[in-house]
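Q: sequence and predicted structure, then a few things I'm wondering about:
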Amino acid sequence: MDFGFKLSPSSAVNLDTVDRRRYDRLVQLVPDACTCIGCGSCSATCTSASWTGMSVRKVLLGLQRGRDAEVDNMLSGCMLCGKCTMVCPRGINTRQLILTLCRLDKNGEVVR
Amino acid sequence: MIYQGKQKIWADYQKEIPDDHWFYVRSCIRQNFFPASEKYFLKICRDLLGRDIYESEHHTTCAGIAYHCDTIPQETAMTVVARQFALMTEAGYDNLVTSCITSFGNYTEILETWREFPELEAKIREHLWKACRREFNKPKYVAHASDLVYKLRGEIAERAKYHLVSRATGEPLRIVEHIGCHYSKMFPHKGVGGAEYPCVLSGMAESWGGQIIDYPERRHCCGFGFRQYFVQANRGYSVSNTHKKFESMEPFHPDAIITNCPGCPYFLDRWQYVIAEQTGKTYGRNGYGIPVLTYEELAGLVLGVDPWDLGLQVHQVAVEPLLDKIGIPYDPARKYLGMNEKEIMKPGLPSVLKCC
Amino acid sequence: MVNRQPVIAVIGAGIAGLEAARQLAALGYKPVLIEKSGTTGGHVAQWNRLFPDMTPAADVIEPLRAQTAGIKTLLGTEISAINRLKDEYNIVLSDGSSLLCQAVLFATGFRLFDASKKEEYGYGIYDHVITNRDLERWFNTREDRRIQQPKAVGFVHCVGSRDLKAGNTQCSKVCCITAIKQAIEMKEEFPDAEVYCFYMDLRLFGKKYEDFYIKAQRDHGIHFIRGRVSEVGEAIDGRVVVKAEDTLSGRPVKVTLDLLVLMAGILCNPDALRYARDTGVAVDDDGFLKSRDNLAAITESSRPGIFFAGACTGAKTVPETLAEARSAALAIHQYFSNRA
């Protein structure tokens, strides 16, 4: 029956069921990835952020909150220029992080 | 769950509820949704327990709905409320008891606002005088009708014909209590038991033999939300909140839900049909829903009032499984007979939610 | 050693009181330690290990106890009243006796915020909600039926701190680092458990604190979620369901935990407020005792002969408290030197 309205999808993240396999694998391969403090320096300096929505900060957060589609979308905007690596106060090798991530599927398997 | 911890909090949130002599104001909508609830509140208090409850045919809406929908300013609502106070004063009463939770919140909010800003009270007195030449005293006590039933719960228990236990097993029924948001979320100290662990309904259910279940989304709003429900395009938000509550209470297998707000039981009851149509899911046993009752209906059942006299036939969710579980007799043939035994027509049956 | 006459009452035999008494005795004074409880060492003695080097608390307490062994210490003694005389104070004790002293040092410490006041967290109601102090006690005793092989543990920062509604706007300073310390300890204890810290800001100001944080992230995989827990409920299996917002992604998060640890904040000891009234010492806007000057004279009150050390003027770490205790002893020494 069409009521003219339906259940709204929830934006809440359920940490009990969220799939973090890709993130966990990334952390194995690039251990510094988990030292991100969400300061946003990477996104602020990113060449493509303003045009594509790319943000290393959001990529790392999205991986931990089960938002793989958004992560892949952001990654496709990266130009690998390396500015984010230069500004990261935690010294995270974001270039290596991005390249590693591109090789992982959503189950955390190395596919490329 | 540490029950003593809750008792400690309840002790901090006890409010004074005078025993007798109340001026009663009805809800705008409850007589349509739950046609016998207010009637049985009065019958129980007056005829059974001998209390003096007065009501005036001149009282109107408290304007709470319009205020919460942002269609009138608060000063207008205040003047309307001032008029009810004038009716109360003219009738010689000091204690005001409201049927509606939003009214209770509205009266309480207005009195608290006047306490903080006496100049506003003076202005409203002037408005009222100009509008209808009336004057008023502020009530000494404002209670919600569920406060009063909470206070009288022991007297009701003494006269109980049925208890909230399974006739077959003797086990207490598992009761979900749902408190209207405007009961104590605005002013926790004005509600029995406060806002986080209110005991106004759980106190009733427990003294009538039931067992309260405390599920994670217990505090969540039913989803009515005035502007969410009244605009069709927004109703998805409303039903989603109700859905969230049912998903959260599902593992506890509640036998019934008891409520003290006009809107909550309506939405908790009717949305079960919509959720079933949209998702194919029902939350009671064997394809039925979970019956949702007002506290007056529950009190009526406990006291042995005929379920159809209590208006339970207008609920969406069938109450028969609950009646059978307690062992309350009912005549299926009389379900849709109204006053004077006249047919009031049978509703169509939903495709998913099982109804009798 | 010079044998100096003035008697100095040191109220409280926690680390501030012990250290100050030790220094005063070394300067030749006669400190008298007055302690309400039956033992010395205060809160720190009930702690298990201390940040950032995981030093056993006993390593701080035991030397202090040994070095103050010769000092007159009145245990299990409460103060009924303090009377202000000319140049002196008369302290009426719970055993009916009184102590005449020429200076009083408040080393009254703090009171942990009563976590049950944040009703939405359900401390004292839900079976698996505990406080920082309860967890520290468990590290010491291994006895707490609420801690049973947890698979998921959460820490809530700022419980009763930075909370205007709870009547305490202050940052309690030590909770961020304590939460990280306890999170690491839980992860070491239960390596398979997921550990979450719910924080508003991480305030890691002290020596090596940030390194400790990096270690928690990198070596222990502790999840830090920037968002304050808004409410806690109980699931059918008794576990707790925690709601917060992940403010960095702007989405609500929900997680089911076997154990939730509330980082109860630091309040001024209410006894200190009573003594302050007796002696005419002012209370600062933050609810702690008011120093003569919050920059240059934190250990001095505005009344002659009344001094402060430690958490009576605000939340402090162990090294800050010890340094302040020494500073207070010197301030007292100067006070008497100027009078002589």
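A: Ah, there it is.

Q: and B:Leu303, what does it touch?
A: B:44, B:48, B:156, B:159-161 (Cβ atoms under 8 Å, 6 or more residues apart in numbering or on different chains). The C-beta positions use only the backbone N, C-alpha and C, and glycine is treated the same way.

Q: out of these, which is nearest to B:Ala63?
A: B:Ile44 (28.2 Å; Cβ to Cβ).

Q: buried set for stretch B:160-171?
A: In terms of neighbour count (16 or more other Cβ atoms under 10 Å in any protein chain shown), stretch B:160-171 has its buried residues at B:160, B:162-166.

Q: just the ones of the contacts of B:Leu303 in strands?
A: The strands, defined by DSSP state E, take in nothing from those.

Q: pick the one among those closest to chain C.
A: B:Ile156 (27.5 Å; Cβ to the nearest Cβ).

Q: and the contacts of stretch B:119-129?
A: B:75, B:78-79, B:82-83, B:86, B:113-114, B:134-136.

Q: how about 10 Å then?
A: The contact list for stretch B:119-129 (Cβ atoms under 10 Å, 6 or more residues apart in numbering or on different chains) reads B:74-83, B:85-86, B:110-111, B:113-115, B:117, B:134-136, B:138.

Q: stretch C:55-71 too?
A: With Cβ under 10 Å, 6+ apart as the test, stretch C:55-71 has contacts from C:10, C:13-15, C:17-26, C:30-33, C:39-50, C:53, C:73, C:136, C:139-140, C:318-319, C:322, C:325.

Q: so for the chain, the centremost residue is which one?
A: All of this is about chain A. A:Val59 (1.6 Å; Cα atoms, centre = their mean).

Q: chain C was what I was after
A: Geometric middle of chain C (Cα atoms, centre = their mean) lands on C:Phe110, at 5.2 Å.

Q: residues in contact with that one?
A: For C:Phe110, the contacting residues are C:14, C:42-43, C:172, C:174, C:265-269, C:272, C:288, C:310-312, C:314-316, by Cβ under 10 Å, 6+ apart.

Q: which SS class is the residue in the stretch 51-200 of chain B that chain C sits nearest to?
A: Closest approach between the stretch 51-200 of chain B and chain C, counting by Cβ to the nearest Cβ: B:Glu196, at 4.0 Å. Three-state call for B:Glu196 (DSSP: H, G, I helix; E, B strand; the rest coil): coil.

Q: now the residue of chain A positioned farthest from its centre: how far from B:Ala276?
A: Note on chain A: the largest C-alpha distance from the chain mean falls to A:Met1, namely 39.5 Å (Cα atoms, centre = their mean). Here the criterion is Cβ to Cβ, to the nearest Å. By it, A:Met1 lies 10 Å from B:Ala276.

Q: what touches both of the two?
A: Here A:Met1 and B:Ala276 share the contacting residues B:350-352, scored by Cβ under 10 Å, 6+ apart.

Q: I'd say C:Phe106 and C:Tyr89 touch.
A: No. Counting by Cβ atoms under 10 Å, C:Phe106 sits too far from C:Tyr89 to count as a contact (11.5 Å).

Q: next, show the common contact partners of the two.
A: By Cβ under 10 Å, 6+ apart, the residues touching both C:Phe106 and C:Tyr89 are C:9, C:275, C:279, C:306.

Q: ok, the first one - contacts?
A: Under the criterion of Cβ under 10 Å, 6+ apart, the contact list for C:Ala9 reads C:31-34, C:74, C:79, C:82, C:89-91, C:93, C:99-106, C:305.

Q: mind checking which of those residues are in strands?
A: Per DSSP E, the contacts of C:Ala9 map to strands at C:31-34, C:74, C:79, C:82, C:89-91, C:93, C:99-101, C:103-106.

Q: return the members of the residues you listed classed as buried.
A: The buried subset of the ones in strands among the contacts of C:Ala9 - by 16+ other Cβ under 10 Å - is C:31-34, C:74, C:79, C:82, C:89, C:91, C:93, C:99, C:101, C:103-106.

Q: restrict those residues to those near chain B?
A: Residues of these in contact with chain B (Cβ under 10 Å from any Cβ of the partner chain): none.

Q: between those, which sits nearest A:Cys34?
A: C:Phe106 (44.0 Å).

Q: partners of the closest one in the sheet?
A: Beta-bridge pairing for C:Phe106 (DSSP bridges): C:Ile11, C:Phe308.

Q: state the distance from it to C:Thr279.
A: 9 Å.

Q: list residues touching both of the two?
A: By Cβ under 10 Å, 6+ apart, C:Phe106 and C:Thr279 have these common neighbours: C:301, C:306.

Q: how about B:Thr102: what's its closest non-neighbour residue?
A: Leaving aside its sequence neighbours, B:Thr102 sits nearest to B:Gly64 (Cβ to Cβ, 6 or more residues apart in numbering or on different chains; 4.2 Å).

Q: verify the stated contact: that neighbour with B:Gln84.
A: No. In this structure B:Gly64 lies outside contact range of B:Gln84 using Cβ under 10 Å: 11.4 Å.

Q: show me where chain A has helices.
A: For chain A, the helices defined by DSSP state H cover A:21-29, A:41-45, A:49-52, A:56-64, A:68-75, A:83-87, A:94-102.

Q: buried residues in stretch B:180-193, which are they?
A: For stretch B:180-193, by 16+ other Cβ under 10 Å, it's B:180-188, B:190-193.

Q: any chance of these in JSON lines, plus pLDDT, secondary structure and distance to chain A?
A: Output for the buried residues of stretch B:180-193, formatted as JSON lines (pLDDT from 0 to 100; DSSP: H, G, I helix; E, B strand; the rest coil; distance: Cβ to the nearest Cβ, whole Å):
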{"residue": "B:Gly180", "pLDDT": "96", "secondary structure": "coil", "distance to chain A": "22"}
{"residue": "B:Cys181", "pLDDT": "94", "secondary structure": "helix", "distance to chain A": "19"}
{"residue": "B:His182", "pLDDT": "95", "secondary structure": "helix", "distance to chain A": "23"}
{"residue": "B:Tyr183", "pLDDT": "96", "secondary structure": "helix", "distance to chain A": "26"}
{"residue": "B:Ser184", "pLDDT": "95", "secondary structure": "helix", "distance to chain A": "25"}
{"residue": "B:Lys185", "pLDDT": "94", "secondary structure": "coil", "distance to chain A": "21"}
{"residue": "B:Met186", "pLDDT": "94", "secondary structure": "coil", "distance to chain A": "25"}
{"residue": "B:Phe187", "pLDDT": "95", "secondary structure": "coil", "distance to chain A": "29"}
{"residue": "B:Pro188", "pLDDT": "94", "secondary structure": "helix", "distance to chain A": "26"}
{"residue": "B:Lys190", "pLDDT": "95", "secondary structure": "helix", "distance to chain A": "31"}
{"residue": "B:Gly191", "pLDDT": "96", "secondary structure": "coil", "distance to chain A": "28"}
{"residue": "B:Val192", "pLDDT": "96", "secondary structure": "coil", "distance to chain A": "31"}
{"residue": "B:Gly193", "pLDDT": "95", "secondary structure": "coil", "distance to chain A": "28"}
